[in-house]
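Visitor: here's my sequence, what's the structure:
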Amino acid sequence: MWQRHPRLVDVLVALTWILLATPSLLVARSVPTFGWPPLVVFVVVVLLVAACLVVFRRRRPVLAFVITFVATLPLIALAPDLLSLAVSFCVFAIAVHDSARRAWIAVGAATVVTVAVWVTYLFVDPPFLMSPPEGSRVGTAFTYAVTSLLVLLVAVFWGQSLGNRKRYIEGLLDHARHLERERDQQAQLAALAERSRIARDVHDIVSHSLSVIVRLSDGAEAVFETEPRLAREAIGQLGGVARSSLTEMRRVMGMLESTPGSASSQLGTGFDDIPRLVEVYRGIGLPVELTLKGEAPSQSGVQVAVFRVIQEALTNALRHASAPNLVEVLVDSGDDVTVIVRNDGAPSRARLGDDPVGRGLVGMRERAALYGGTLTAGPEDDGRWAVRLMLPGERRS
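Guide: Purely as a prediction, here's the structure:
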């Protein structure tokens, strides 16, 4: 209840304090010379102001302390034990909701002012303070001053203890919220990276398969009347390419339900599959010379990147070359993994058209950057078009 309904607790505390303080003020043994009605009005106003400040002390505890202390200061001599409770409530609130340092400053200020009031009470005897019996002035002042100080000390120590615990819990909650936000951001980044990775694979598969299918279908149509046997072979290869692409697409879609490492190893797109890829392009009339040097990298992701870059480069050579010119593919997996795909024919606008958003080149560069490598594509000095991929490999001692 105390934590679920803090405002209700504050109202109950304020009402209890008013009920306890009011009778003590009304039965005071001596009354100021200006009469009962003004005194009663003054006391009621001060008590109501102090009560309101007690109710709202959680939001602005320092301001509540200042106003409450100033308002109740003239009544210290009338009911010091009860009126000091209002100030103690505010000191407690400062220690809990603000800081322990400000709470101790408030205690010091209240102590100094209270001592000054009691000194005035001892030596000046102002008319607005009640007069104790003869011989008990010093004892009364000392007792009330010590009592007020003890109440303030109890309030500040108790409030400091609860405040430290409260701030510690808030710090833990803030840290937990920060970790949760960071986790969500990392999850979003991971999701974006996964989407980009899958988009690259889908692009490579679709671009490769459709380019091969279009070339085979064009060839089959061209020789359908004159060479039916060749047309049937081309149509048979069409089915094989389509089935292979469908299998790869299913594997890529399976990456959505698997971990990155396991997905890469299941794609069937490693170093051992590069010769098979080259044979597909040779089978549709693209002359390709393949040179493999060194051992396959241990990272399956690097093998996939190399395979996809070669696949995209051969697809571009097939799509954009005006004639089936020689394509050289060099793969050197020494200390660094180097891939060079050269095309003897200059690129041209094929009837299939270029990729309107340059997704293929962007995807190749993203794959290279993913493993700390670089990729360049452009004409060489001798006029040949070249795609160069460099990936940092595992250093061997």
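Visitor: which strand or helix spans residue 317?
Guide: helix 300-320 (DSSP states H and E).
Visitor: only alpha carbons, please: show that helix as PDB.
Guide: Coordinates of the C-alpha atoms in helix 300-320 are reproduced here as PDB (Å, rounded to 0.1, in the frame of the first residue of the first chain):
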ATOM      1  CA  SER A 300      32.500 -21.200 -44.600                       C
ATOM      2  CA  GLY A 301      31.400 -17.600 -44.900                       C
ATOM      3  CA  VAL A 302      34.500 -16.700 -46.800                       C
ATOM      4  CA  GLN A 303      33.900 -19.600 -49.200                       C
ATOM      5  CA  VAL A 304      30.400 -18.500 -49.800                       C
ATOM      6  CA  ALA A 305      31.500 -14.900 -50.500                       C
ATOM      7  CA  VAL A 306      34.100 -16.200 -53.000                       C
ATOM      8  CA  PHE A 307      31.500 -18.400 -54.700                       C
ATOM      9  CA  ARG A 308      28.900 -15.700 -54.900                       C
ATOM     10  CA  VAL A 309      31.300 -13.100 -56.300                       C
ATOM     11  CA  ILE A 310      32.500 -15.500 -59.000                       C
ATOM     12  CA  GLN A 311      28.800 -16.400 -59.800                       C
ATOM     13  CA  GLU A 312      27.900 -12.700 -60.100                       C
ATOM     14  CA  ALA A 313      30.900 -11.900 -62.200                       C
ATOM     15  CA  LEU A 314      30.200 -14.800 -64.600                       C
ATOM     16  CA  THR A 315      26.500 -13.800 -64.800                       C
ATOM     17  CA  ASN A 316      27.500 -10.200 -65.700                       C
ATOM     18  CA  ALA A 317      29.900 -11.500 -68.300                       C
ATOM     19  CA  LEU A 318      27.100 -13.600 -69.800                       C
ATOM     20  CA  ARG A 319      24.600 -10.800 -69.700                       C
ATOM     21  CA  HIS A 320      26.700  -7.800 -70.800                       C
END
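Visitor: what packs against that helix?
Guide: helix 137-222, helix 260-266, helix 274-283, strand 327-333, strand 336-343, helix 359-370, strand 385-392 (3 or more CB pairs under 8 Å, 6 or more residues apart in numbering; DSSP states H and E). The way it works is simple: take the backbone N, C-alpha and C, and place the C-beta from them, glycine included.
Visitor: could you find the closest non-adjacent residue to residue 340?
Guide: Closest residue in space to residue 340, ignoring its immediate chain neighbours: residue 330 at 4.5 Å, by CB to CB, 6 or more residues apart in numbering.
Visitor: what number of residues lie near that neighbour?
Guide: 15 (other CB atoms under 10 Å).
Visitor: I figured it was touching residue 337, is that so?
Guide: No. The pair residue 330 / residue 337 is not scored as a contact, 11.4 Å apart, by CB atoms under 8 Å.
Visitor: before we move on, what SS does residue 297 have?
Guide: coil (DSSP: H, G, I helix; E, B strand; the rest coil).
Visitor: surely it is in contact with residue 303?
Guide: Yes. Between residue 297 and residue 303 there is a contact at 6.0 Å, judged by CB under 8 Å.
Visitor: can you list residues touching both of those two?
Guide: residue 271 (CB atoms under 8 Å, 6 or more residues apart in numbering).
Visitor: more neighbours: which of the two?
Guide: The neighbour count for residue 297 versus residue 303, taken as other CB under 10 Å, is higher for residue 303 (23 against 19).
Visitor: any idea how far that one is from residue 334?
Guide: 15 Å (CB to CB, to the nearest Å).
Visitor: now do residue 99
Guide: Taking CB to CB, one finds residue 99 at 64 Å from residue 334.
Visitor: ok, these two, which is more surrounded?
Guide: Per other CB under 10 Å, whichever of residue 99 and residue 334 has more neighbours is residue 99, with 16 against 11.
Visitor: that older thread, okay, the helices and strands packed on helix 300-320 in a markdown table with mean pLDDT and distance to residue 310 next?
Guide: As requested, the helices and strands packed on helix 300-320 are arranged in a markdown table below (pLDDT from 0 to 100; distance: least, CB to CB, whole Å):
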| stretch | mean pLDDT | distance to residue 310 |
| --- | --- | --- |
| helix 137-222 | 79 | 10 |
| helix 260-266 | 42 | 16 |
| helix 274-283 | 85 | 6 |
| strand 327-333 | 85 | 6 |
| strand 336-343 | 88 | 6 |
| helix 359-370 | 78 | 10 |
| strand 385-392 | 90 | 9 |
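Visitor: how about CSV for the ones you listed, with distance to residue 235 added?
Guide: Listed next are these as CSV, based on distance: least, CB to CB, whole Å:
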stretch, distance to residue 235
helix 137-222, 5
helix 260-266, 30
helix 274-283, 13
strand 327-333, 25
strand 336-343, 28
helix 359-370, 27
strand 385-392, 31
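Visitor: of the ones you listed, which is nearest residue 291?
Guide: Closest approach to residue 291 among the helices and strands packed on helix 300-320 (CB to CB): strand 327-333, 4.8 Å.
Visitor: and the angle from the closest one to helix 274-283?
Guide: Orientation check (axes from the mean of the first three to the mean of the last three CA atoms, to 10 degrees): strand 327-333 against helix 274-283 gives 180 degrees.
Visitor: list the buried ones in strand 327-333?
Guide: 327, 328, 329, 331, 332, 333 (16 or more other CB atoms under 10 Å).
Visitor: what helices and strands are in contact with it?
Guide: Packed next to strand 327-333, using 3+ CB pairs under 8 Å, 6+ apart, are helix 274-283, strand 288-294, helix 300-320, strand 336-343.
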